[in-house]
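[1] please work out how this folds:
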Amino acid sequence: MQNKKIAAPVKITLAAFLMLITFCAVAQKMIVESLEGPVTQNEINAFKAHIETADAPPGNGNVWVFGNGGKSIEACGLMYEVSHDRAILNQMIYYCDEMLSRRNDLWPAEKGGQRIVWTGKVEPVWPSSNPDVKPAGAGVEQGDEIAHMCYCAKLILQNPDLWDVKVDIGDPYHFGYTYKARALKYIIEGDYVVDNWILPHFIRRSENNHYYFPGEPNTYKANEPAPWNQAWMLTNALVRLVECHVLLKDDNKRVAAYDAIIQPNINWFISSLRPGRSAKGTLVYTWAYALPRGMEDTNHAAYDSEGLWIAYNSGRYKLTFNDLVPFANTYCDVVMGTVTDGKFAGRVDGSTGTGHAGGDNFVRDEYLYLAEFRPDMFANMANAEISTNKVAVSMPITARLLWEKDRRYKKNKQ
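    Predicted coordinates:
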């Protein structure tokens, strides 16, 4: 966390101490005061109070993909979009700095970095395997770390008034003294990972630039297509890098190269969908976890939904509002519409299994993007979060709820 001044110790009674820690515990809980109207200052303040106590998680692995680290970055970005509160952006930068500093090739060996990956080298990745696994694993999911960093960079680049301002939390890792310098660092390092990790190993030129895992010495899904959730993580990275370079107007050749990878992989995913009808008669889809067969579970489909939103929101990749409605129908009418033992369906076809397909009694945060396409289900989604007490403690769920509430309010004002 940011350095804070330490005050001199003050003597307090036991009763006062108990009152103090009770207040702090309450202050750190996030709130959603209502599901309609503008986002309130109380809601923003509660979110800020919560993140001030949320240090970066330990480690340099998957915690920065789909764990608390990565989700915290996305949550701060969404709340900064809502509030334009620089303290929230500063916390987002803090998380990004910690994540980037812990990349395997940058982190010291004594802290857990410098691990030999399956390529036989120390690579610019955040290893996906446990520290005791040798060689370390890593794949296309590395795109998610890039996507998180470049979301922060994009938000900075969209606000020229910040560019020459000194970053409030300082520059502990020498990533850039000003906000724009920090954004440029995130973009440069994102491109570096793409150039030195993604392009050499995971883009199959002979298969229309589709995402495949390589063969030996890689042993994870060797020569197989990337599972869709991981594929979207990589697409997220490339989309956000494109958005940043477009804002900078600095590298048309790279933008074209990334677009030539993004669009074919989105098309590939769309071509794999199997249309059907829900019990309500709405158009829905089923699809595999990974080609060529199987059924996507609702754990992994959350990342598919997030990826679809990010690509759609960029306005670049031939995805329309109506294209995403069936995905929202699938979640709202099939998954949420099939409740067994208090849980929503664990697969996109309405069935439930075990493990990742075991179902949830709440709405995973990434699915909240789909309320955009099924506004009639926003309250249902929100109430599922509220009834399971997710709002008080889940940064990504609360941020996405408030972000969608803000969008709905502004749209209704037009």
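[2] what segments of the stretch 151-300 of the chain are helices?
    179-193, 199-201, 228-248, 252-271, 298-314 (DSSP state H, counting those that start in this stretch).
[3] can you give me the offset of the third one from its chain's centre?
    Right, the one you point to is helix 228-248. 12 Å (C-alpha atoms, centre = their mean, to the nearest Å).
[4] and it, what's buried?
    228-247 (16 or more other C-beta atoms under 10 Å). Any C-beta I mention is one placed from the backbone N, CA and C, and that applies to glycine too.
[5] do the last one as well
    The neighbour-count criterion (16+ other C-beta under 10 Å) identifies 298-312, 314 as the buried residues of helix 298-314.
[6] looking at the residues you listed, which is nearest Arg364?
    Arg364 lies nearest to Ala302 out of the buried residues of helix 298-314, by C-beta to C-beta, at 4.3 Å.
[7] so what pLDDT did the closest one get?
    pLDDT recorded at Ala302 is 98.
[8] then Lys413?
    Lys413 is given a pLDDT of 84.
[9] that one: neighbour count?
    For Lys413, the count of nearby residues is 7 (other C-beta atoms under 10 Å).
[10] still on that earlier bit, for Lys411, find the nearest of the helices of the stretch 151-300 of the chain.
    helix 298-314 (14.4 Å).
[11] report all helices and strands that the closest one contacts.
    Other elements packing on helix 298-314 under the criterion 3 or more C-beta pairs under 8 Å, 6 or more residues apart in numbering; DSSP states H and E are helix 228-248, helix 252-271, helix 321-329.
[12] next structured bit after the shortest one?
    The first helix or strand that comes after helix 321-329 along the chain, using DSSP states H and E, is strand 339-340.
[13] next SSE after that following strand?
    Assigned by DSSP H and E, the successor of strand 339-340 is strand 343-344.
[14] the helix or strand following that next one - contacts with which helices or strands?
    As assigned by DSSP H and E, the chain's next helix or strand after strand 343-344 is helix 378-387. Judged by 3+ C-beta pairs under 8 Å, 6+ apart, the packing partners of helix 378-387 are helix 395-413.
[15] from the middle of its chain, how far away would the helix it packs on be?
    That offset, for helix 395-413, works out to 16 Å (C-alpha atoms, centre = their mean).
[16] buried ones in it?
    395-408.
[17] helices and strands around that helix, which ones?
    For helix 395-413, the packing partners by 3+ C-beta pairs under 8 Å, 6+ apart are helix 41-51, helix 68-83, helix 378-387, helix 390-393.
[18] so which of those is nearest Lys134?
    helix 68-83 (23.4 Å).
[19] just so I know, which of the helices and strands packed on helix 298-314 lies nearest Gly77?
    Of those, the one closest to Gly77 (C-beta to C-beta) turns out to be helix 228-248, at 10.4 Å.
[20] picking that back up, a markdown table for the helices of the stretch 151-300 of the chain, including distance to Arg374?
    Below are the helices of the stretch 151-300 of the chain laid out as a markdown table (distance: least, C-beta to C-beta, whole Å):
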| stretch | distance to Arg374 |
| --- | --- |
| helix 179-193 | 32 |
| helix 199-201 | 37 |
| helix 228-248 | 20 |
| helix 252-271 | 19 |
| helix 298-314 | 12 |
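[21] and Ala328, which of these is closest to it?
    Per C-beta to C-beta, nearest to Ala328 of those: helix 298-314, 8.5 Å.
[22] from Ala136, how far out is the residue lying closest to Gly353 once chain neighbours are set aside?
    Nearest-residue entry for Gly353: Gly346, 5.6 Å, with adjacent residues in sequence omitted and distances by C-beta to C-beta, 6 or more residues apart in numbering. For Gly346, the distance to Ala136 (C-beta to C-beta, to the nearest Å) stands at 30 Å.
[23] kindly report the same for Leu184.
    Distance of Leu184 to Ala136, given as C-beta to C-beta: 29 Å.
[24] I'd like the distance between Val194 and Val117.
    Val194 is 16 Å from Val117, where distance means C-beta to C-beta.
[25] same question, Leu162
    On the measure of C-beta to C-beta, Leu162 and Val117 end up 36 Å apart.
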